[in-house]
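Trainee: pasting the sequence and the predicted coordinates here, then a few questions.
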Amino acid sequence: MTPYLLDTWYAAGWSDDFGADMKPLTLLDQPLLFFRDSAGRVRAMSDRCPHRFAPLHMGTLCNDRVQCPYHGLQFDGDGRCVHNPHGDGAIPKAAVLRSYPTEERHSLVWIWMGDPARADSTLIPDFAFLSDPALVTNRGTLRGAGHYELYSDNIMDLGHAEFLHPGLGAPAFTQGPRDIYQRGSTVWSNVASLDSELSPLHAAIKQLEGRRLDWWVDVRWDPPASMELTLYVDEVGGSRETAKWTDRGCHIMTPETADSTLYFWANCRNYRRDDAALTAAIQAGLEAAFENEDKPMIAAQSAMMKGADFWSLKPVLLAGDAGGVRARRVLAKLIADESARNARAADASPPAASPATPATC
Amino acid sequence: MTPYLLDTWYAAGWSDDFGADMKPLTLLDQPLLFFRDSAGRVRAMSDRCPHRFAPLHMGTLCNDRVQCPYHGLQFDGDGRCVHNPHGDGAIPKAAVLRSYPTEERHSLVWIWMGDPARADSTLIPDFAFLSDPALVTNRGTLRGAGHYELYSDNIMDLGHAEFLHPGLGAPAFTQGPRDIYQRGSTVWSNVASLDSELSPLHAAIKQLEGRRLDWWVDVRWDPPASMELTLYVDEVGGSRETAKWTDRGCHIMTPETADSTLYFWANCRNYRRDDAALTAAIQAGLEAAFENEDKPMIAAQSAMMKGADFWSLKPVLLAGDAGGVRARRVLAKLIADESARNARAADASPPAASPATPATC
Amino acid sequence: MTPYLLDTWYAAGWSDDFGADMKPLTLLDQPLLFFRDSAGRVRAMSDRCPHRFAPLHMGTLCNDRVQCPYHGLQFDGDGRCVHNPHGDGAIPKAAVLRSYPTEERHSLVWIWMGDPARADSTLIPDFAFLSDPALVTNRGTLRGAGHYELYSDNIMDLGHAEFLHPGLGAPAFTQGPRDIYQRGSTVWSNVASLDSELSPLHAAIKQLEGRRLDWWVDVRWDPPASMELTLYVDEVGGSRETAKWTDRGCHIMTPETADSTLYFWANCRNYRRDDAALTAAIQAGLEAAFENEDKPMIAAQSAMMKGADFWSLKPVLLAGDAGGVRARRVLAKLIADESARNARAADASPPAASPATPATC
């Protein structure tokens, strides 16, 4: 039983991570091979040759065909073997790589890890702001130790900021009321802080030091671990909808393995847009926060858990955990439902001709 | 079933290892946090926050309170949560760290790993000589690979000295009769060597080269792995009780994990007490013997055992093994008795309200 | 159940790997100790002292006796304990090291890992060419990650050369018909290429660039993984038997563990014998091919398999796999037969006096 939700979209990387070269990535414990074909489409398939299990990314890519480095089988972007240099050149029926649907959307490449027949691109969460020309974007990728839900918990409870990120905390994150609600499988965890000060760092980059303001932070979570985090800031008496200063961010996690995570983050601001020095300072600051603060803390937390299931350790829950726990429960139910559905489908299928007997040669 | 004796005192370190800073230590596979409070008392508790399992030693210590680095819960020296910065600040009942009784005695800090109600400081073995001002002390700490009983076996059979420690061997250690006896759970393994030469190194540091002497080595073992080793040297016809030259040593092992050990050693002499150069030479010599001879040999022995139980490998026993085997049997019986007692106690208790269901938030 | 064939000869190394010093080697997961005794005979025994499991190779070798580094037991070349320095010096019956038959033949040292009573030196495959003074030999040893059958598969299908070894490929290796046959437990996988060009590298070292020739490559496999690979080259219309140019090679693999392999290779040529520069160039070229091409590919293949059994991964088989698959099946049957035979023998034996109770001291 896989511990992952399969019929869903996972971010595989930023668009410009995928060029003409082959890019191997492990996602959900699967060794995968990505490349952008000559039509500009990102293709994803197993990185393991079905002949002798060599990693295909050690081979060559030519004319949209991947050639195995060991014995030279060639595969197209759909994972079909299209050339066998051995013997009479007949292509064995089983010489196929599993391939995966991909979608490129607003500067991110998404991959569907489940049944390709169910891949529905309308299910990709909306991160349109990532390609909004009216915003200035900082972004990055982190690879860290720890289960991906430890990373999404981290965003769903911003109460950690005061302790882990000097200058980013604010009383609203720890003591403020939270508005937690669910629409379908989307969970929202929102905080409002009226007539109050921003965190020192947020005030500084907006040149709002010492000012009292109305501000809101909305976090939208979609399974498996894709979050939008928006900070709206306005004059006292203003509104979220017409806020003068906004930072829209994404925090999207993809499990590499059960104990390591890829984390795609961005911050897109609508203020001081021509200030390149500010853009560079935000980039440096965010990279430092993610690499030097979040990543080692979550790695340490994961090491302390020694591979145990989160709930088996009986965590004491605090007020700030409400959003993260809701998201964990939604995801757990989706995985259980999917497993049950797949088990029923397996029961209903006639037994396939045993593939355990290799073809004789 | 834990493989460790729990209702007993383990050495956690030397007194001066514990200062105002937090000190994390893994003992018996448990991540523990130590600090010396403002009253000078060494406190010991779990290093794992019950909220999100962050390592508390990465946080801060202020006014005898440990603050979690991740979400800011604060705990006092008894492990009680005394501050929750989140929500209304109410402290969840389960927000408690397991804490451990400690005792500081004759320059060592001891920790009781079992039921605190049974912690009895009179059970700490007597190492009063460690703080005897009439003696000059050399001491140190070794951290090495291997089960702690491999380390205690090493001391219980000094017959290894001739082969592992050039200059420290003597025929009495290999061929001499041993006086092995047990009083309660204390095991003695003693050697007497009358009208004979000391080992070359022992003769040299006592300036007794070439002299025939009466000498005795007594090893007292207390469970789980605390040994006193005393060398008494006197003129021929003298006696152990009035020996002119004595070296009293401790060899105390504490399991870090099943495969690694903390080893606290000391040697306290009553001769050439003002000779600082001798003190420095003994320090260098002992450190070299422990680090370069005992430690790699026991690590190699442990690697050869590949995690197997000692008895399952059917060791061939030699004369020198009598003391170590007696100690192993005493300890095995204590562990078995304790496990049986704890199992009976668990059977007799009414089932607790299931703690597996986390508090809702 | 061991996964290895035991009643067979494994190569342990080249003759000159074994000198007067003790040489530890892990073979078939067993820590072994080798030394050449004063009569020039290579002796092999367990490297683990039966007393306290210390690695004997950390001790000393004197007068053909190995002395344990920890407590000084001494063992002779048959593994018998011949000296006990402890107590009254009596030698415990169980103080015996398992020893292994060895044979030195044509510059290789072989070890029999099974029942010594069945060791039959006539079963060592014929590699007489390795010590033929009429040939010039290049040779080496590789230690690599991966199961040893991945290494033998690599030689049994030379179709990989075109893709993995630039300059060593030829159409005959991929498309040519193969002559696969079995005699007893010996498998042959032969290729003939008449009136054709050699691979560029083979043509170059024979100074036959651009020439059309008749050539043959015969691979002889003997279990568990000992291969002779011979390239015969002659003028068009010539014959294998009277070929002018021959390269006889050995490719002999010995499992170190289930996931690592020792690989002994050689190439012995009958041409340009006085050309020392050519000899050096071949040495460098072969070492580079093994270390930089075969070894990382097989390690990568092994990593992709994540410890799974080869057949459980349902490999797609190609024309070139016929020889390797035949060899795998022969070996699997030999192992199954041996296991069954040993199980029957165990059933038929009266129970031995339990060795689980250690001797008291």
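Mentor: Sure, I can see it. Numbering: from 1, shown residues only, chains lettered A, B, ... in the order given.
Trainee: what about A:L317, neighbour count?
Mentor: 19 (other C-beta atoms under 10 Å in any protein chain shown). To be clear about C-beta, it is placed using only N, CA and C from the backbone, and glycine gets the same treatment.
Trainee: so it makes contact with B:K93?
Mentor: No - taking contacts as C-beta atoms under 8 Å, A:L317 lies outside contact range of B:K93: 11.7 Å.
Trainee: and the strand or helix carrying A:A277, what does it pack against?
Mentor: A:A277 belongs to helix A:276-288 when assigned by DSSP states H and E. If you count contacts as 3 or more C-beta pairs under 8 Å, 6 or more residues apart in numbering or on different chains; DSSP states H and E, helix A:276-288 packs onto strand A:136-145, helix A:200-205, strand A:260-269.
Trainee: return the most buried member of those.
Mentor: strand A:260-269 (a mean of 23; mean count of other C-beta atoms under 10 Å in any protein chain shown).
Trainee: near chain B, anything from that strand?
Mentor: No - for strand A:260-269, no contact with chain B is found by C-beta under 8 Å from any C-beta of the partner chain; the gap never falls below 15.8 Å.
Trainee: what helices or strands is that strand leaning on?
Mentor: strand A:9-14, strand A:136-145, helix A:148-156, strand A:245-257, helix A:276-288.
Trainee: partner strands of it and their direction?
Mentor: strand A:136-145 (antiparallel), strand A:245-257 (antiparallel) (DSSP bridges).
Trainee: and the ones you listed: which comes nearest C:K306?
Mentor: Smallest distance to C:K306 across the strands paired with strand A:260-269 (C-beta to C-beta): 11.4 Å, for strand A:245-257.
Trainee: ok so, going back, okay, the helices and strands packed on strand A:260-269, which one's buried deepest?
Mentor: Mean neighbour counts for the helices and strands packed on strand A:260-269 (mean count of other C-beta under 10 Å) peak at helix A:148-156, with a mean of 25.
Trainee: residues from the stretch 101-250 of chain A in reach of chain B?
Mentor: A:D153, A:D157, A:G159, A:H160, A:E162, A:F163, A:L164, A:T174, A:Q175.
Trainee: just the buried members of those?
Mentor: For these, a burial check counting by 16 or more other C-beta atoms under 10 Å in any protein chain shown picks out A:D153, A:D157, A:G159, A:H160, A:E162, A:F163, A:L164, A:T174.
Trainee: pick the one among those closest to C:W215.
Mentor: Nearest to C:W215 out of these is A:D153 (C-beta to C-beta; 65.9 Å).
Trainee: dump the residue contacts of the closest one.
Mentor: A:D153 is in contact with A:D321, A:G324, A:R328, B:R52, counting by C-beta atoms under 8 Å, 6 or more residues apart in numbering or on different chains.
Trainee: contacts only, for A:P224.
Mentor: A:P224 touches A:Y4, A:L5, A:T8, A:Y10, A:Y148, A:M253, A:P255, A:L331, counting by C-beta under 8 Å, 6+ apart.
Trainee: so where's the stretch 1-150 of chain A uncertain?
Mentor: Counting by pLDDT under 70, the stretch 1-150 of chain A has low-confidence residues at A:1-2.
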